[in-house]
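Trainee: My questions are about this predicted structure, shown below with the sequence.
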Amino acid sequence: MVVDAATVRLISTLIALVALTPGTIAHAEDVLIQDGIDSAPYSFIPSLPRGLRDTQYLFSGEDDDGVHHDFRTFVRFDLPEDLLGPDETVLEAYAWVYYSFDFGGFGDASKVPGEMHCHEVLGDWQEHTLTWVNQPAYGPAFDAHPDIEDLGLLWCDASELVRRWATGATPNYGIALTNATERLIGTYSFEAFQVDPNFRPSLVVSVGPSEALDLDSDGIADPGDNCPHTANPAQQDSNGDGFGDACAFELADLDADGLVDGNDRRLWRAARGSVAGEPGYDPACDLDENGRIDAADQTLYAALYSENFTGGMSCGLIGIEVGGVLAVARRRRRRHTR
């Protein structure tokens, strides 16, 4: 569901605000940030500043004449000076853009899956002067969104980066988004006032104390919560497997496509027998979190898979809503990190 602009403004100022009193569990406050600067320099016209346009691009490929064309996007979010209160930290942060258009408008939509890579920008830049020639350096990818085949939401887990920005440990020069494939990924910029704010770049930051954290605000502290990323105050666990009913589907849906099917089973089989540090290791399959994917995990996953098998069509993710973005992004993070 695409929320309207009024709802977005309400979310950005009031969402998840919980008053803390002595002895209560600490809850997270989600802050939505939709202000900043962005630009997408273009290698084919290296001296062209493109920062005040309403579209940005990620792309790398050659045209029919063998001429190489590269686009990459730089985006910097304006963090509020009062983002962190006393004894608070950045718990999580996700930056997202919306893949809204591609070569389809020119009659030649790419069939190659894209890959959005997220990099920390290492030097200052301004959107009205940034060009391919003077673009700042950026670091190695800290996150990636692979296998992009459809229009929709693309995000980076920028938790560590935003944590450093918010505390002043490193300057906030923003994020560089790259795509080394020939799939042209077109997104709206901050200047795209003709579209709903949901389709412009956004950053959601979860802020709160680190002790006694209740990330999903369900009244159960995370260490004892059987679904720490999904609110389930009743902690219902119908089969007693240690995973709450509220998040069992997410754990079974390894590819996060809204469908528990044979593809999830194939991902499980590909990871079986691996250990942490090996290329085939997938932490989402390591259900007991002991660093190896073995028979114990197989027993747990078989139950999750059987309970949640759908075999039907996936509705996908349509539009942007803060709670929905966080749920999907957190699920993806659990697939890649522990």
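Mentor: Nice, I can see it. Residues are numbered from 1 along each chain as shown.
Trainee: which phi and psi does Gly186 have?
Mentor: Main-chain torsions, Gly186, degrees, to the nearest 10: phi -110, psi 130.
Trainee: so who does it touch?
Mentor: Counting by CB atoms under 8 Å, 6 or more residues apart in numbering, Gly186 touches 55-57, 99-102. Bear in mind the C-beta positions are built from the backbone N, C-alpha and C, glycine included.
Trainee: Need the buried ones from those residues selected in PyMOL.
Mentor: If you want just the buried ones from the contacts of Gly186 in PyMOL, going by 16 or more other CB atoms under 10 Å, the selection is:
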select buried, resi 56+57+99+101+102
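Trainee: got a markdown table for the contacts of Gly186, with distance to Ala234 too?
Mentor: Rendered in a markdown table, the data for the contacts of Gly186 read as follows (distance: CB to CB, whole Å):
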| residue | distance to Ala234 |
| --- | --- |
| Thr55 | 46 |
| Gln56 | 44 |
| Tyr57 | 47 |
| Tyr99 | 37 |
| Ser100 | 39 |
| Phe101 | 43 |
| Asp102 | 44 |
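Trainee: What about Ile175, how many residues nearby?
Mentor: When neighbours are counted by other CB atoms under 10 Å, Ile175 registers 27.
Trainee: and it, bridged to which residues?
Mentor: Val75, Glu120 (DSSP bridges).
Trainee: From the contacts of Gly186, which land in helices?
Mentor: Assignment to helices by DSSP state H places none of the contacts of Gly186 there.
Trainee: Identify the farthest-apart pair in the contacts of Gly186.
Mentor: Gln56 and Asp102 (12.8 Å; CB to CB).
Trainee: Which member of the contacts of Gly186 is positioned nearest Asp297?
Mentor: Nearest to Asp297 among the contacts of Gly186, counting by CB to CB, is Tyr99 at 33.3 Å.
Trainee: Just to check, that closest one is in contact with Thr187?
Mentor: Yes - with contact defined as CB atoms under 8 Å, Tyr99 reaches Thr187; the gap is 6.1 Å.
Trainee: anything in contact with each of these two?
Mentor: Residues touching both Tyr99 and Thr187 (CB under 8 Å, 6+ apart) are Leu154.
Trainee: which residues does the closest residue to Asn226 other than its chain neighbours contact?
Mentor: Leaving out its chain neighbours, the residue that sits closest to Asn226 by CB to CB, 6 or more residues apart in numbering is Gly244, at 3.9 Å. By CB under 8 Å, 6+ apart, the contact list for Gly244 reads 225-227, 230, 232, 235-237.
Trainee: Which member of those residues is positioned nearest Leu203?
Mentor: Thr230 (22.1 Å).
Trainee: okay but the closest one is in contact with Asp216, surely?
Mentor: Yes - between Thr230 and Asp216 there is a contact under CB under 8 Å: 5.8 Å.
Trainee: What count of nearby residues applies to Tyr173?
Mentor: Using other CB under 10 Å, Tyr173 has 18 neighbouring residues.
Trainee: and the spatially most central residue of the chain, what element?
Mentor: Taking CA atoms, centre = their mean, the centroid of the chain lies closest to Trp155, which sits 3.3 Å from it. Using DSSP states H and E, Trp155 falls within strand 152-157.
Trainee: Centre of the chain to that strand, how far?
Mentor: Centroid separation between strand 152-157 and its chain, computed with CA atoms, centre = their mean, to the nearest Å, is 4 Å.
Trainee: and what of stretch 117-137?
Mentor: Chain-centre distance of stretch 117-137: 21 Å, with CA atoms, centre = their mean.
Trainee: Could you tell me which residues within that stretch count as buried?
Mentor: Neighbour-count burial for stretch 117-137 flags 117-121, 125, 127, 130-132, 135 (criterion: 16+ other CB under 10 Å).
Trainee: Pick the one among these closest to Arg163.
Mentor: Glu120 (12.2 Å).
Trainee: got a list of what the residue nearest to Arg272 when sequence neighbours are not counted touches?
Mentor: Distances taken as CB to CB, 6+ apart place Ile293 nearest to Arg272, at 5.6 Å, with adjacent residues excluded. With contact set as CB under 8 Å, 6+ apart, Ile293 has these partners: 271-275, 281-282, 285-286.
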